[in-house]
Every structure is written in C-alpha cells, then in structure tokens.
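Colleague: coords below, sequence missing:
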Ligand SMILES: [Zn+2]
C-alpha cells in the first residue's frame, strides 16, 4: 500500500504514473492494531461480517452466519432505506441466514467487492522481482490481508485477530466456551419456535381436514 514517511519498504516500480516517487509499505502483522485507529467503524463492521460469514460457513455456525449477514447488510443493501425497505432487507437476510449454502455465492461476491481496487503487480523487492498485491489504500490492504491471509474474527466478541495456527477460531478459550453456550441457547430457542409453528400449522391443517370432510358429505 502507498505510504509516506519512514514505514516505506520500497518504490512503486510497477506504477505507470509514479514509478520512482511513490513509496509503498508491506502490510505487517502489527499494522492490524494501527489500522484500528484509522478506519471508520463501518469498515471494520463490514470486514468482520465478511469474515464472519466465511467462518460460519466453514464451522456450520448459524448464529454467527446471522450476525455476519447483519454486519455486511449496510454495505450490501444501503442504509438510507424506509421502514418498509428495512423490513424487507431484514427478511432477506433472515432467509440467507437459514441455510449456510447461501454463502457459496454471496461470500465470493462480497470478497470481489472488498478487493475490487487491489491489483496484481510485479514488484522489485530486495533485489528480486516478485508478484505482489498492490492496494491503493489502507482499507483495501486490510481486506486483502484478512481475506487472503490469516486474520479471523472472534465469533463471540467480533474482535479481529491474526491467527498463529489456522485451526484457532476464537480470540480466547473463554470466548470459545461463551459462544458454545450462546449457540446451544439459540438452537434451543429455534427448536421451540419451530415446534410452536409446527403446532399451529397442524391445528390449521386439522381444521382444514375437518372442513374438507364436511364439504365431501
Ligand atoms: Zn473474542
């Protein structure tokens, strides 16, 4: 990503307009903490939502899937909507969250949107020509690092963190356990709601069968 000052890691030799004057910086591990102060809250929310949908799909976590879709909604669907449109959006997201397979199409599209300004370039670094992803701003650099690297979002607290091991999904053991309990509770409530619905439709069905019999006689 472009940079001014001491954090430069080289020149943008691939840049058609400023091959010598423009300095670039390689996204480093400790940049994640620095960027927290620079990026608006909405950008963080969108990123944690995209990562949330990805992780929820992989771990079959319906609670996180719902949260992920809610976090990306302002970008996907816009924010200046009427109450009626907001309700339609909510229904749409609820429908997406019912089945994790919705992520098969939506997640790659979200990633394409997030990475639309990133470019694959040939960069000369440390005496060698190497392929690199050039990001014109901090936001795109963070999205690229998160979606193509090893940044994850904790399903419990939405905190973004760099994972030392690919199988670490939570920022702490305490949050892993807390989210396990939350999933269990959400599953129980969903079951109750489904049973209630089932009961109502059985009652309805019962009445219609009665009516049907009445009509035949
Ligand atoms: Zn956490």
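Modeller: Okay, I see it. Since we're looking at a predicted model, the values are computed, not measured.
Colleague: point out the residues in the chain that sit beside the ion.
Modeller: Residues of the chain lying close to the ion by Cβ under 5 Å from the ion are 154, 156, 157, 159, 171, 175. Quick note: C-beta positions are derived from backbone N, CA and C, even for glycine.
Colleague: quick one, which of the residues you listed are buried?
Modeller: 154, 156, 171, 175 (16 or more other Cβ atoms under 10 Å).
Colleague: by pLDDT, give me the weakest of the residues of the chain next to the ion.
Modeller: Among those, residue 159 has the lowest pLDDT, at 87.
Colleague: quick one: that residue and residue 153 touch, right?
Modeller: Yes. At 7.1 Å, residue 159 counts as touching residue 153 under the criterion of Cβ atoms under 8 Å.
Colleague: now the strands for this protein?
Modeller: Ranges of strands in the chain, per DSSP state E, are 10-11, 23-24, 119-125, 128-134, 151-153, 160-162.
Colleague: now do the contacts for the spatially most central residue of the chain.
Modeller: Of all residues in the chain, the one closest to the mean position by Cα atoms, centre = their mean is residue 50, 1.2 Å from it. Contact analysis of residue 50 by Cβ atoms under 8 Å, 6 or more residues apart in numbering lists 68, 72, 107, 110, 111, 114, 143, 146, 147.
Colleague: just name the shakiest helix or strand of this protein by mean pLDDT.
Modeller: The helix or strand with the lowest mean pLDDT-type score in the chain, counting by mean pLDDT, DSSP states H and E, is helix 173-216 (a mean of 71).
Colleague: which residues of the protein score low on pLDDT?
Modeller: Residues of the chain meeting the criterion pLDDT under 70: 79-81, 165-166, 199-217.
Colleague: domains in it, by residue range?
Modeller: Using automatic domain parsing, the domain ranges for the chain come out as 10-164, 172-217.
Colleague: dump the ones you listed into TSV; add distance to residue 1 as well.
Modeller: Output for those, formatted as TSV (distance: least, Cβ to Cβ, whole Å):
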stretch	distance to residue 1
domain 10-164	4
domain 172-217	30
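Colleague: hey, which of these is tucked in deepest?
Modeller: domain 10-164 (a mean of 16; mean count of other Cβ atoms under 10 Å).
Colleague: quote the end-to-end distance of that domain.
Modeller: End-to-end distance of domain 10-164 (Cα to Cα, to the nearest Å): 27 Å.
Colleague: gap between it and the chain center?
Modeller: Chain-centre distance of domain 10-164: 7 Å, with Cα atoms, centre = their mean, to the nearest Å.
Colleague: this completes my enquiry, with thanks.
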